[in-house]
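Participant: based on what follows, work out the 3D shape:
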Amino acid sequence: MLRKMLLLVCCLFSVSAAANSFTQGKMITALPDVLPFKDRVAPINDMVKDRLDNLLPTLMAEADLDMWLVINREYGEDRLFYTLVPQPTFAARRTTLLVFYRKDDGSVERFSVSRYPIGDFYPTVWQGGTAEEQWQRLAQVIEERDPTRIGINVSQNWALADGLSVGLHQKLLEYLPQKYQQRLTSAENLVVRWMETRSEKELQVYPHIVALARGVIAEAFSNKVITPGATTTDDVAWFIRQRFEDLQLRPWFQPYVNIQRQGDDTSEDDVFMGKDKRTILRGDVLHTDVGICYLNLCTDTQEMGYVLKLGETDAPPGLKQALAKGNRWQDILTEQFTTGDSGNTILANTIKQSESEGILSSTYTHPLGFVGHASGPTIGMWDNQGPTPVQGDWLLYPNTAYAIEGNIKAQVPEWNDQWVQIKLEQSAVFDGESVWYLAGRQTQWHVIH
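Facilitator: Presented below is the predicted three-dimensional model:
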């Protein structure tokens, strides 16, 4: 079912993209629509409710948890909290205790032990009173349900599974009978699976979100923004930032732009090539790294541009070949995606195949989702092309999204065999069989005239 849905999404996106003259990173005439904040509430809440109703029961059973406690207080919320609650929710309001209980029929009862209900998602089972009475009521509802394994968000290895503060943990232990204290366990497996798994409804909208990010890059890497000899890398980076802000899209990091230039002192041993704080000149190779979050989902994208010299009508053949080599590296990487393999295994297989084809590559791919650097299998790091403990050992599951990120290095004949780095990153989803780019990928240079 998911595979068919993805095919439909890709086909629909191709039609929409063609209408906007946007394929493979070319210039677009219009960006996809962005909903006003008010109109975002319904689709976000529909996706959250769908996940709570249909995904969470499966994941709690998979993690062998009978109960899950997500405990927050205002100004110190667990980052995970915002993936569980409806919009508009800005804070935990005093202390908010969310309880998820897996019943005998496999369904999950969810409620809040708090002064306020959270919409119709979390009715409260406490009528108010003192802080002490609130914790006492939590202990009471736990005793009433008598769970065998109670998950709490504490973890030494996964940041997103470690949201329970020390103070709140101590409060829980203070009011929970010894019998149930002994049943507390880390919910990290549940949290990682919750964070990494994408639902069908989310995958319906994800291509649209990625297309927005790619579309702004296409605008930035054009004469609409760049005047050779005048525009700086900072100018382009701030154009991207401002463009997102004007669209009411939230960047999750400051956009970055750098230049590789003929005559730069580069080597195949350089970890990264390119310098920022430069004025853009004709003949420059541009690179940008951008990420946005919209409708609760985040993107991470890196693309390359070339500024034509006078008399040129296209990028030099050597640069085209280098980009094609980068695309081949992407293919090698995504061909290694196999359900049940670890991130470390995928990395090792990618390196082996790339080396056999004479491609000098570096792979540092990470999961995507509710945050940009999400939980799930790490597939290499820019400063470690060997195994990554714990995160790299995590296994690959279907219906998970990734930033297919890394670079290749190649010599460019037109630049006197100078080394150039092609740094690519595209948002994609693994459906259990294949990797799909959510809004295409760059196979042609952004050309600035």
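
Participant: can you get me a residue count around the residue lying closest to Leu31 once chain neighbours are set aside?
Facilitator: Leaving aside its chain neighbours, Leu31 sits nearest to Gly215 (4.5 Å; criterion: C-beta to C-beta, 6 or more residues apart in numbering). Backbone N, C-alpha and C define where each C-beta goes, glycine included. By the criterion of other C-beta atoms under 10 Å, Gly215 has 23 neighbours.

Participant: Gly215: which element?
Facilitator: Element membership of Gly215 [criterion: DSSP states H and E] is helix 200-220.

Participant: mind giving me the packing neighbours of that helix?
Facilitator: Applying 3 or more C-beta pairs under 8 Å, 6 or more residues apart in numbering; DSSP states H and E, one finds that helix 200-220 contacts helix 2-19, helix 37-50, helix 233-246, strand 285-290, strand 292-294, strand 297-298, strand 301-307, strand 418-430.

Participant: could you give me the average pLDDT of that helix?
Facilitator: For helix 200-220, mean pLDDT rounds to 97.

Participant: check the spacing between the residue sitting nearest the centre point of the chain and Glu414 real quick.
Facilitator: With distances taken as C-alpha atoms, centre = their mean, the residue of the chain nearest its centroid is Leu368 (2.2 Å). Using C-beta to C-beta, to the nearest Å, Leu368 is found at 35 Å from Glu414.

Participant: can you check Gln321 too?
Facilitator: Gln321 sits 10 Å away from Glu414, taking C-beta to C-beta as the criterion.

Participant: again, but for Gly119
Facilitator: 60 Å.

Participant: ok, Val390 next?
Facilitator: Distance from Val390 to Glu414, by C-beta to C-beta: 45 Å.

Participant: quote the end-to-end distance of stretch 298-310.
Facilitator: End-to-end distance for stretch 298-310, by C-alpha to C-alpha, to the nearest Å: 39 Å.

Participant: just stretch 242-261 next, same as before
Facilitator: Distance between the two ends of stretch 242-261: 26 Å, counting by C-alpha to C-alpha.

Participant: before we move on, what about stretch 61-76?
Facilitator: Per C-alpha to C-alpha, stretch 61-76 runs 29 Å from first to last residue.

Participant: got the buried residues for it?
Facilitator: Buried residues in stretch 61-76, counted by 16 or more other C-beta atoms under 10 Å: Ala63, Leu65, Asp66, Met67, Trp68, Leu69, Val70, Ile71, Asn72, Arg73.

Participant: just curious, which of these is nearest to Asn45?
Facilitator: When the buried residues of stretch 61-76 are compared for distance to Asn45 (C-beta to C-beta), Val70 comes out closest, at 17.7 Å.

Participant: please identify the pairing partners of the helix or strand harbouring that closest one and their relative orientation?
Facilitator: Assigned by DSSP H and E, Val70 falls within strand 67-73. Next to strand 67-73 in the sheet, as set by DSSP bridges, lie strand 95-102 (antiparallel), strand 150-152 (parallel).

Participant: contact partners of that strand?
Facilitator: Residues outside strand 67-73 that contact it (C-beta atoms under 8 Å, 6 or more residues apart in numbering): 60, 78, 80-81, 84, 92, 94-102, 138, 142, 145, 147, 149-153, 163-165, 168, 172, 187, 190.

Participant: Ala91 contacts Glu74, doesn't it?
Facilitator: Yes. Counting by C-beta atoms under 8 Å, Ala91 does reach Glu74; the two are 4.9 Å apart.

Participant: quick one: neighbours of Gly386, just the number.
Facilitator: Neighbour count of Gly386, defined by other C-beta under 10 Å: 11.

Participant: surely it is in a helix?
Facilitator: No. Applying DSSP: H, G, I helix; E, B strand; the rest coil, one finds Gly386 to be coil, outside a helix.

Participant: from the chain's centre, how far out is the strand holding Val70? Work that out for me.
Facilitator: Here strand 67-73 is found 24 Å from its chain centre; the criterion is C-alpha atoms, centre = their mean, to the nearest Å.
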